[in-house]
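1. Output the structure for:
(chains A and B)
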Amino acid sequence: MNILSFFVLIPLLTIAGIAAVREMRQVKIVASIGMGIQFILAAVLIFLYITARQAGSTAEMLFIRDYLWFKTFNIHYAVGVDGISVAMIGLTSVVVFAGVFASWEMEFLTKEFFISLILLATGVFGFFISIDLFTMFLFYELAVIPMYLLIGIWGSGPKEYSAMKLTLMLMGASALLLVGILGIHFNSAPNGGPLSFNILEISKTRIPMTAQRIFFPMTFVGFGVLGALFPFHTWSPDGHSSAPTAVSMLHAGVLMKLGGYGAFRVAIFLMPEAAHELSWIFLILTSISVVYGAFGAVVQKDLKYINAYSSVSHCGLVLFAILMMNQTAMNGAIIQMISHGLMTALFFALIGMLYGRTHTRMINEMGGLMKVIPFLSVAYVIAGLASLGLPGLSGFVAEMTIFVGAFQHPDVFHRVITIVAISSIVITAVYILRVIAILLLGPTTNEHFDHLTDAKWYEKVSTVTLISFVAFIGLAPFWLSSLIGGSLYPILSKILAFNPF
Amino acid sequence: MSLGNFALMRHELLLTGAALLILIAEIFGTQEKRRSANLFAIILFSVVTIAGFLPSPSGSLFGGMYEVDSVRLIMKNILNAGVLLILIQSVTWLKKEENHDKINEYYLLVISTLIGMDFMISAGHFVMFYLGLELATIPIAALAAYDRFNNKSAEAGIKLILISSLSSGTLLYGISMIYGTTGSLYFREIGQVFTGQSGLEVLGFILFFAGMAFKISIVPFHLWTADVYEGSPVNVTSYLSVISKGAALFIFIIILFTVFPVLVKTWNKTIYVTSILTMTIGNLFAIRQHNLKRFLAFSSISQAGYILLGVIGGSQTGMASVVYYVLVYIFSNLAAFGVVAAISNSSGKENIEDYNGLYRTNPGLSLVMMLAMFSLAGIPPVAGFFGKFFLFAAAAEKGFYLLVTIAVLNTIISLYYYLLIVKAMFINKSDSPVGRFTSDFPTKLALGLCVAGIFLTGFISIIFEAIKGISFGI
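-> Here you go, the predicted model:
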């Protein structure tokens, strides 16, 4: 059996294991063991991938397995990875692993919670390993639907409203995607021959321009909703703030990356001409996402809302960079996905832990936490600094690469829009530093906070795992960019064939 | 008539035999033996169902009035399997004191409607088709009024019989016009003589379409559905919504593809409009419902709208996806109705609000209901997703992208109200939830089979490919 199929199989076995045990404690142990194995498996995959590349393998995708599933529509169960998907799988396994430990204190319907959480993870892993549009779509929907229960049952605040809004908006996006995928499929052989759902096969043909003009916007918006494209980002603040900790982590950390990855792998890769022609519309929308998200974060008072708007801003930057369609910017986009995934997961984990202690998420009700709970506070500062792009942490590498890439376009439009997007860095600094100042520094405002306890072992596992990866990417970005860079080349060569820049 | 002819008519003859045996058991059975009436009928029907799957030749009888081929066989088998599930689900309800004296009537009526449907599907001639249709319809009206001391049930029976007569009248008028233009009632002959030019042909087709639309409950001919579904006993409602509708859809596509291929442009337009209306109106009305049976009635109306997407292109893929979707729909809807029936039997509650907090008291039933809702909404990995995807793909193949877009947006509306049920069961809290109870063996068996069907019919591609292999298009 192929190593990639294990990424779907292990979560499923973990779910079966969770369903089989009875006690709450056993549930957590099974979940952490299962996701631990997944984590190791991801490390093995990265290792195998790098060795295969060093051994001189030049194929576009490695570890390909292809089984015919539905002959009528030429639907295959096809898996394969390149450097980008390997990086995304690595990210997912880290975030899920940390997420399991961040929800260690879950006591209400524990079993159901972990089953839904890991089902969500199954969908995400499946999405990243698929190279067949049908299976990709199947896994996408599989990842979205457990969110409804996760937010609706275990959430806080207006959870039922948020859960419904999030599910309907994301499924609405998937409706557009479905039409987009069917459109791509039935135009995948303009010169005759069998129609295909396989991304690699479709990328070898040229979809007719009339079809591209219809289906590119559909597919891009379909994925863009998940990547918080303005004006379809409204599910994100509500959803994130109502979701329980681990779900916010997975959602902002990984699920939103499905949008960026899909927009890149499906919309732009398969329909580069329409992407080139229509990119200006989406560039404007994404730069609005970037700036508007940042401004939104400045005025919020709830920690989760701040972080949710900050995610809108950062994920907008991913789509922004992808639309720049050159090597540097796209490289930056992928690093930004990984970097944002890690640091936003860290943020949400910390917010969950703070909330568990202070029972509030309003920043003006907190203060002086640095003295009481130094470990969590320092971790929060690190996450904040990564988010505002301090050199040495992952955010800097990503944003720097994106803006350098974006500025390579010589024309006025791209330069102006890049400058607009760059302004978000300043705004980010405003809201991050403001939160850190109010929340952590100064005197303790509430005497109840004097007796708070610092992080427990499982919380340390969760935060340290995430921080070490954030720092690792910040200090040694060349590992990640060389993993990505080689795989970007075939994609870029297809894009550049139509886009002379 | 030789012995081989008997083999051709296997489904109908076996069902008739089964009906007669049940009748004999009813007449000669003593009071004690009647207790095992349920077991006897179900075993008998299982034998009939299994015998239906034995390989069989194709051919025609009575000079072409009756036709059998592999598509029709698989349609009949799908219906048999669905009816078997319904019969197993009905046991708990039939065991109740008030139904004690009329258990066998239920089985007799169900089987005779099924005989009618089988004849209807096998028709090669409009008169045979009409006979089958009437045989299928009249006993259902009796079934709807089965709970005869309940006003709503009696009302449902009357409404159904009135509407059926009206639709049969429309249908017959259409058939007479077709006969007037072509001089024949044989499907094959009409298909050859039809030119598609004369207005009378189109009018005949439209009237035929309207008659069928009543049976399938396509908007604007759907108004009877909710009332009849609400009034009938739960198991009869499930019979109406899956078997009756499925059979009508089957013969509808067969007639469209064999009799009216030249009118393809006309019926594409008709179906285009009615499909959009059906799914949108079905969905919008479903949101407002409180009674689960009414809710499922409107949901089944919108499902019919999606199914029309498979019909519209007239392609082989389209036909395959319609038949496949009906199969998936049978499992999903019967799972939903099974849960509704179980809860209605134990507590008499049928409203959505009564399902609040159901997961705390009855986790198993809630999970089955959730799966059924997801399958109806078309969420992976359950079979409904595959079914919908293939229907949409069949329409997209013919270039109806706008229609597909409208349909997928409609599935989002439908997702909203299906999620409302999930929300009631899992999220809402209730002061007086449905009490904890253990279902008896038949209910568990039927629900187990439905869940297995919901999971397996999707993943196992052989099922779809087998249906595709024998389907035909224009």
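2. hey, which helix or strand in chain B has the poorest pLDDT?
-> helix B:3-8 (a mean of 77; mean pLDDT, DSSP states H and E).
3. Excluding covalently adjacent residues, which one is nearest to the closest residue to chain A within the stretch 201-350 of chain B?
-> Closest contact between the stretch 201-350 of chain B and chain A, by Cβ to the nearest Cβ, is at residue B:317 (6.0 Å). Quick note: C-beta positions are derived from backbone N, CA and C, even for glycine. Closest residue to residue B:317 apart from its sequence neighbours, by Cβ to Cβ, 6 or more residues apart in numbering or on different chains: residue B:394 at 4.7 Å.
4. all helices for the stretch 51-200 of chain A, in order.
-> A:83-102, A:110-129, A:133-154, A:159-186, A:199-204 (DSSP state H, counting those that start in this stretch).
5. out of those helices, nearest to residue B:124?
-> helix A:159-186 (34.7 Å; Cβ to Cβ).
6. Just list what that closest one packs against, helices and strands only.
-> The contact analysis (3 or more Cβ pairs under 8 Å, 6 or more residues apart in numbering or on different chains; DSSP states H and E) places helix A:159-186 against helix A:133-154, helix A:209-226, helix A:235-242, helix B:383-397, helix B:401-426.
7. Select, out of those helices, the one closest to residue B:189.
-> helix B:383-397 (28.6 Å).
8. circling back: would you format the helices of the stretch 51-200 of chain A as CSV with mean pLDDT included?
-> CSV is the format used below for the helices of the stretch 51-200 of chain A (pLDDT from 0 to 100):
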stretch, mean pLDDT
helix A:83-102, 87
helix A:110-129, 89
helix A:133-154, 90
helix A:159-186, 90
helix A:199-204, 85
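9. would you list those helices in CSV and tack on distance to residue A:478?
-> Shown next, in CSV, are these (distance: least, Cβ to Cβ, whole Å):
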stretch, distance to residue A:478
helix A:83-102, 13
helix A:110-129, 23
helix A:133-154, 30
helix A:159-186, 35
helix A:199-204, 28
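10. Which among the ones you listed is found nearest to residue A:364?
-> Once these are compared by Cβ to Cβ, helix A:159-186 is nearest, at 22.7 Å.
11. Of all the residues in that closest one, which ones are buried?
-> A:159-160, A:162-186 (16 or more other Cβ atoms under 10 Å in any protein chain shown).
12. tilt between it and helix A:209-226?
-> Here the directions of helix A:159-186 and helix A:209-226 differ by 160 degrees (axes from the mean of the first three to the mean of the last three Cα atoms, to 10 degrees).
13. so helix A:159-186 versus helix B:383-397, what angle?
-> Using the same axes, to 10 degrees, helix A:159-186 lies at 40 degrees relative to helix B:383-397.
14. got the angle between helix A:159-186 and helix B:401-426?
-> 150 degrees.
15. so how far is helix A:159-186 from its chain's centroid?
-> Here helix A:159-186 shows a centroid-to-chain-centroid distance of 17 Å under the convention Cα atoms, centre = their mean, to the nearest Å.
16. What of stretch A:190-198?
-> 31 Å.
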